[in-house]
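Quick one, what's the 3D model for this:
(one chain, ligands or ions: 2)
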Amino acid sequence: MAEIALRGVRKSYGKTEVVHGVDLDIAAGELVVILGPSGCGKSTLLRMVAGLETITAGQISIGGVVVNRLEPRQRGCAMVFQNYALYPHMTVAENIGYSLKIAGLSRAERRERVGKVAASLGLTEFLERKPGQLSGGQRQRVAMGRAMIREPRVFLYDEPLSNLDARLRVAMRVEIRKLHQRLATTTLFVTHDQVEAMTLADRIVVMNKGVVEQVGTPQDVYNRPESTYVAGFIGAPGLNLLHGIADSDRGVVTLRDGQRLSYDRGRWPEVGHGPVIAGFRAEVVKLAPAGLAGRFDFAEELGAAQLIHATIAGETVVAHVSGATRLNGGEPVSFVVDPAEVQLFDASTGRRLAGENGSAVASAPGARAMVPA
Ligand SMILES: Nc1ncnc2c1ncn2[C@@H]1O[C@H](COP(=O)(O)OP(=O)(O)O)[C@@H](O)[C@H]1O
Ligand SMILES: [Mg+2]
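Ligands and ions are numbered 1, 2, ... in the order given. Model (predicted):
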């Protein structure tokens with residue numbers, strides 16, 4: 001395993017810059033997930049680490065060595081892609097062992113190493129099959145085996161689970177996490193799926209249009225999003241966001257329709273008077289009288305709970321409520337929000353406002369257990 005450091009890394013295709021200066025430190029043995037929507041530069045960043053793309057500016061080092069000018073094979077990275085690109089005419093064993101064959105290892109050595117890797121991925125019984133005779137998940141494991149057998153210093157995954165069905169995706173997520181616990185190989189994992197990121201990562205790098213918006217543990221990005229962008233992207237649903245005018249004397253935000261949402265002044269001492277965006281998790285909203293008045297739109301059924309979508313002051317607010325609630329479209333609803341759970345963002349920049357004194361205060365019930373005491 002090896003640490004990875006990115007310093008001011010930029011990438012342009014022609015005149016268009018798509019990665020705008022990324023700084024990132026990944027510790028040896030860490031599993032870091034790069035998360036962001038399609039087109040934000042995740043693959044480009046990963047491919048620059050692998051050496052499959054040149055770097056327009058900046059520096060990348062792996063294990064303390066600057067690799068800017070090193071060939072991909074000199075960097076000690078193994079990459080797993082979304083389309084696993086196995087050799088269709090080779091067996092599983094041949095696919096996994098191919099790089100060893102190229103490297104000139106003897107048949108016996110290859111057989112032993114392939115056997116070990118296959119066993120660790122539950123592929124022993126499939127060694128003589130061709131990729132066409134495997135399920136999607138098995139093929140994906142072969143692709144991982146092919147990467148593992150090289151005993152790389154770094155694993156790079158580019159959306160490796162996106163082609164799998166939902167159930168298999170969850171299973172493979174667990175496999176990758178377990179594999180990482182066992183091998184502790186430094187890993188960079190790219191995905192657009194925030195659930196995948198939350199469940200896999202030691203730390204998440206949230207990207208937006210070629211820049212890093214926030215780097216933090218899953219709890220950090222969930223509980224203390226640094227921007228409304230991160231707030232809206234992380235969590236299902238994302239943070240509720242309502243525009244309004246803060247009045248720091250009274251600790252209230254006046255919404256667009258004149259209704260008032262209270263926040264904890266003690267936690268946001270530096271918030272003044274002026275436009276803000278107030279945020280709170282769906283999980284902290286209670287359906288109770290004398291709250292924010294709105295109009296019911298529809299409910300998403302989750303089984304044990306529902307997501308109640310409503311319109312308040314012209315904006316959408318979602319409440320996560322347990323049990324079944326019968327409401328009709330257009331019916332009035334009242335949402336109560338604990339002031340201690342309200343977070344504040346700058347209305348023009350979307351950045352989290354200063355004031356909260358570092359302690360992880362705002363947290364949804366589901367996340368509270370994860371916050372260190
Ligand atoms: N070879 C290329 N030539 C020109 N533009 C590219 C090339 N590869 C990627 N891009 C552009 O760079 C941006 C980032 O792409 P990419 O890194 O693939 O995003 P992601 O993996 O996050 O979906 C996109 O706007 C994409 O169109
Ligand atoms: Mg991509």
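
and Leu161, how many residues sit next to it?
The criterion is other Cβ atoms under 10 Å. On that basis, Leu161 has 26 neighbouring residues. Bear in mind the C-beta positions are built from the backbone N, C-alpha and C, glycine included.

quick one: it is in a strand?
No: read with DSSP: H, G, I helix; E, B strand; the rest coil, Leu161 is coil and lies in no strand.

Run through the residues that contact it.
Gln140, Leu168, Arg169, Met172, Arg173, Thr191, Asp193, Glu196 (Cβ atoms under 8 Å, 6 or more residues apart in numbering).

Let me know the closest of the residues you listed to Leu52.
Of all the contacts of Leu161, the one with the least separation from Leu52 (Cβ to Cβ) is Thr191, at 18.4 Å.

Surely the closest one touches Leu35?
Yes: Thr191 lies in contact with Leu35 (Cβ atoms under 8 Å); the separation is 6.0 Å.

Overlap in contacts, the two.
By Cβ under 8 Å, 6+ apart, the residues touching both Thr191 and Leu35 are Lys42, Ala197.

out of these two, which sits in the busier spot?
Between Thr191 and Leu35, counting by other Cβ under 10 Å, Leu35 is the more crowded of the two (29 against 24).

Could you give the bridge partners of the more buried one?
Per DSSP bridges, the residues bridged to Leu35 are Thr191, Val206.

Check what pLDDT whichever residue of the stretch 101-250 of the chain sits closest to ligand 1 gets.
Closest approach between the stretch 101-250 of the chain and ligand 1, counting by Cβ to the nearest ligand atom: Val190, at 6.5 Å. For Val190, the pLDDT comes out at 97.

Chain neighbours aside, what residue packs nearest to it?
Ranked by Cβ to Cβ, 6 or more residues apart in numbering and with sequence neighbours excluded, the top spatial neighbour of Val190 is Lys42, at 4.4 Å.

now swap in Glu94 and tell me
Nearest non-adjacent residue to Glu94, counting by Cβ to Cβ, 6+ apart: Tyr87, 7.3 Å away.

Could you count how many residues lie near that neighbour?
Tyr87 has 12 neighbours, counted by other Cβ under 10 Å.

now do Val66
12.

my guess is it meets Gly58, correct?
No: using Cβ under 8 Å, Val66 makes no contact with Gly58, being 10.5 Å away.

where does the closest residue to Glu3 other than its chain neighbours land in three-state SS?
The shortest distance from Glu3 to any residue other than its chain neighbours is 4.6 Å, reached at Ala28 (Cβ to Cβ, 6+ apart). Classification of Ala28 by three-state DSSP places it in coil.

Over to Ala28: give its phi and psi.
phi -60, psi 130 (degrees, to the nearest 10).

now it: how far from Asp193?
26 Å (Cβ to Cβ, to the nearest Å).

Ramachandran angles for the residue nearest to Val190?
According to degrees, to the nearest 10, Lys42 has phi -60, psi -50.

residues touching it, list them.
Ile34, Leu35, Gly36, Asp158, Val190, Thr191, His192, Met207.

rerun at 6 Å
Lys42 sits next to Ile34, Gly36, Val190 when contact means Cβ atoms under 6 Å, 6 or more residues apart in numbering.

just Ala313 next, same as before
Counted by Cβ under 6 Å, 6+ apart, Ala313 has contacts Leu255, Arg256, Asp257.

same deal with Arg256?
Ala313, Gly314.

Leu353 now?
Here Leu353 is in contact with Val271, Leu344, Asp346 (Cβ under 6 Å, 6+ apart).

Identify the bridge partners of the last one.
What it means is Asp346. Judged by DSSP bridges, the bridge partners of Asp346 are Val276.

what about Gln59, is that helix, strand or coil?
When the rule is three-state DSSP, Gln59 gets the label strand.

Just give the nearest non-adjacent residue to it, would you?
Distances taken as Cβ to Cβ, 6+ apart place Arg7 nearest to Gln59, at 4.4 Å, with adjacent residues excluded.

Secondary structure element holding the one you found?
strand 4-13 (DSSP states H and E).

That strand close to ligand 1?
Yes: under the criterion of Cβ under 6 Å from any ligand atom, ligand 1 is reached by strand 4-13 at Tyr13.

just the CA coordinates of that strand, formatted as PDB?
Extracted in PDB, the C-alpha atoms of strand 4-13 (Å, rounded to 0.1, in the frame of the first residue of the first chain):
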ATOM      1  CA  ILE A   4      -1.400   9.200  -2.800                       C
ATOM      2  CA  ALA A   5      -1.000  13.000  -3.000                       C
ATOM      3  CA  LEU A   6      -2.500  15.300  -5.600                       C
ATOM      4  CA  ARG A   7      -1.300  18.900  -5.800                       C
ATOM      5  CA  GLY A   8      -3.100  21.500  -8.000                       C
ATOM      6  CA  VAL A   9      -4.000  18.800 -10.500                       C
ATOM      7  CA  ARG A  10      -5.700  20.200 -13.600                       C
ATOM      8  CA  LYS A  11      -6.900  18.700 -16.900                       C
ATOM      9  CA  SER A  12      -7.800  20.400 -20.100                       C
ATOM     10  CA  TYR A  13      -9.100  18.800 -23.300                       C
END
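
what comes up buried for stretch 200-213?
For stretch 200-213, the neighbour count (16 or more other Cβ atoms under 10 Å) marks Leu200, Ala201, Arg203, Ile204, Val205, Val206, Met207, Asn208, Gly210, Val212, Glu213 as buried.

Thank you kindly, that will do.
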